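Asker: show me how the following folds:
(4 chains)
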There are 2 protein chains.
Amino acid sequence: MKLTEAKQKFIDSWGAFGTHWGINRTMAQIHALLLVSPDPISQDDVMEQLSVSRGNVNMNIRELIDWGLVERTSIPGERKEFFVAEKDIWKVATTIIKERKRRELDPMLKLMDQLSAIEGDKKDKEAKQFIETMQGIKRFGNQADKMLDVLVKADEHWFVGSLMKFFK
Amino acid sequence: MKLTEAKQKFIDSWGAFGTHWGINRTMAQIHALLLVSPDPISQDDVMEQLSVSRGNVNMNIRELIDWGLVERTSIPGERKEFFVAEKDIWKVATTIIKERKRRELDPMLKLMDQLSAIEGDKKDKEAKQFIETMQGIKRFGNQADKMLDVLVKADEHWFVGSLMKFFK
DNA sequence: ACAAACTTTCAATATTATTTGAAACTTCAG
DNA sequence: CTGAAGTTTCAAATAATATTGAAAGTTTGT
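Answerer: Predicted coordinates for the structure are as follows:
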């Protein structure tokens, strides 16, 4: 396979992969493009290479920056803005974990707290089952939360070295 | 909060949560409904409680069964089929992890293998960076894969006991 | 074999999510 | 201050995805 073809395939697949995880295709594709671009690229570059509109590129790059996966940068002598993606996959992954935890897991756990505090007869089968389910999710979520916290704070080498041994 | 209200809130939130993770809203809602139903329920029950069509319920229940999260069951004396969800959240989570690993992570790693085997000059900056990125993803993915394998095979008690200590 | 009860399928339709593009806004050099 | 270069916004258009519902298929009891 030739480099250009491989790049295209990576961008397409990363985009498809994203859609399975609730990330919009274009955002994932822009991320992919930036991941395989050694040098900073501009909005116009992205527009051209992915054939998407200026507005779309602008919005999605903004979101990627918001996630902490992409940075603005400038090139001396150029008026335009350029962008680069974090290339270290460990950092990319921990950033994503951190953000999704904050945006989705944490609020979900807060909700479980509310929901397991319903008023009503604990003898009622429905109520009993409901409270148990909510608490089960809460307990599990808290464990996952703790685990991910440590994971995110850990250094890659420590993780790969000590922890991976643990994971056989 | 009253039980009925709490149930509804849970179903809605589980549905919204699902959409952020690439799972369609109705499928997640049906799952939620089954999670909080102590007894098996029929397609008609789901239709009524969620106000969705028979076809929709049928398709989404089928998919939930395919994922291993829901089971068909029958009630003596009843002609209809009834359904129950796995209630143990640990099992639910490991099932989902197993399935998504198989459906998404494994194929992605296979692709990375192909893509890091491009022909071309390793001196070329673009090619070098590309190969490095692909291998980085592959390495990370393999680690995650291994870790999730152990997690999935582990027993909850072992996990919570021994491993959680490790995760401070 | 018949028909009632129930389940499945899928083309048409509705809904939701994404994308466009042109106008408004900002920045900067001269 | 002016206008060219660049960026952002967002209502409208489009595309992707999910849902409906009626017809076809299946199972079961008599």
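
Asker: okay, now the unreliable bits of chain A?
Answerer: A:167-168 (pLDDT under 70).

Asker: which positions in it make contact with DNA strand C?
Answerer: A:24-27, A:51-56, A:59-60, A:79 (CB under 7 Å from any atom of the strand). (Glycine included, C-beta is placed from N, CA and C.)

Asker: which members of those are the farthest-apart pair?
Answerer: Farthest pair in those (CB to CB) is A:Arg25 and A:Arg79. Separation: 30.2 Å.

Asker: these two: which is more packed in?
Answerer: Neighbour tally, A:Arg25 and A:Arg79, criterion other CB atoms under 10 Å in any protein chain shown: the higher count belongs to A:Arg25, 16 against 6.

Asker: how far away is the nearest residue to that one once chain neighbours are set aside from B:Glu126?
Answerer: Spatial nearest neighbour of A:Arg25, excluding adjacent residues (CB to CB, 6 or more residues apart in numbering or on different chains): A:Gly15 at 4.4 Å. In this view, A:Gly15 and B:Glu126 are 20 Å apart by CB to CB, to the nearest Å.

Asker: give me the more crowded residue out of the two.
Answerer: For A:Gly15 versus B:Glu126, neighbours defined as other CB under 10 Å are more numerous around A:Gly15 (21 against 16).

Asker: picking up where we left off before, the residue nearest to A:Arg25 touches A:Gln29, doesn't it?
Answerer: Yes: if you go by CB atoms under 8 Å, A:Gly15 and A:Gln29 touch, sitting 4.1 Å apart.

Asker: quick check: A:Phe83 touching A:Thr73?
Answerer: Yes: the pair formed by A:Phe83 and A:Thr73 meets the contact definition of CB under 8 Å, at 6.8 Å.

Asker: buried residues in the helix or strand containing A:Ala6?
Answerer: Taking DSSP states H and E as the criterion, A:Ala6 maps to helix A:3-19. Of all the residues in helix A:3-19, those buried under the rule 16 or more other CB atoms under 10 Å in any protein chain shown are A:Leu3, A:Ala6, A:Lys7, A:Phe10, A:Ile11, A:Ser13, A:Trp14, A:Gly15, A:Phe17, A:Gly18.

Asker: equivalent analysis for stretch A:150-157, please.
Answerer: Within stretch A:150-157, the residues that count as buried by 16+ other CB under 10 Å are A:Leu151, A:Ala154.

Asker: what's the answer for stretch A:135-153, then?
Answerer: For stretch A:135-153, by 16+ other CB under 10 Å, it's A:Gly136, A:Ile137, A:Lys138, A:Phe140, A:Gly141, A:Gln143, A:Met147, A:Leu148, A:Leu151.

Asker: out of those residues, who's nearest B:Thr94?
Answerer: A:Phe140 (10.5 Å).

Asker: assign a three-state SS to the residue lying farthest from the centre of chain A, would you?
Answerer: Distance from the centre of chain A peaks at A:Lys123, with 42.1 Å (CA atoms, centre = their mean). Assigned state for A:Lys123: coil (three-state reduction, DSSP: H, G, I helix; E, B strand; the rest coil).

Asker: gap between it and B:Glu126?
Answerer: Counting by CB to CB, the gap from A:Lys123 to B:Glu126 is 68 Å.

Asker: and if you look at A:Gly161?
Answerer: 32 Å.

Asker: so who does the residue nearest the centre of chain A touch?
Answerer: Centroid-nearest residue in chain A, with CA atoms, centre = their mean: A:Ile96, separated by 3.1 Å. Neighbour list for A:Ile96: A:Trp67, A:Leu69 [criterion: CB atoms under 8 Å, 6 or more residues apart in numbering or on different chains].

Asker: which non-adjacent residue is nearest A:Lys138?
Answerer: Among residues not flanking A:Lys138 along the chain, A:Met112 sits closest, at 4.1 Å (CB to CB, 6+ apart).

Asker: now the one you found, what's its secondary structure?
Answerer: Counting by three-state DSSP, the backbone at A:Met112 sits in helix.

Asker: thinking it is in contact with A:Ile137, fair?
Answerer: Yes: under the criterion of CB under 8 Å, A:Met112 makes contact with A:Ile137 at 5.3 Å.

Asker: which parts of chain A are helices?
Answerer: With helices called from DSSP state H, chain A shows them at A:3-19, A:25-35, A:43-50, A:54-67, A:89-100, A:106-115, A:125-153, A:156-158, A:164-166.

Asker: do stretch A:57-66 and chain B meet at all?
Answerer: No: Stretch A:57-66 does not reach chain B (CB under 8 Å from any CB of the partner chain); its nearest approach is 13.8 Å.

Asker: what are the contacting residues of that stretch?
Answerer: Residues contacting stretch A:57-66 (CB under 8 Å, 6+ apart): A:24, A:26-27, A:30-31, A:34, A:43, A:46-47, A:50, A:70-72, A:83, A:85.

Asker: again, only this time at 10 Å
Answerer: The contact list for stretch A:57-66, computed with CB atoms under 10 Å, 6 or more residues apart in numbering or on different chains, reads A:23-31, A:34, A:42-48, A:50, A:52-53, A:69-72, A:81, A:83, A:85-86, A:99.
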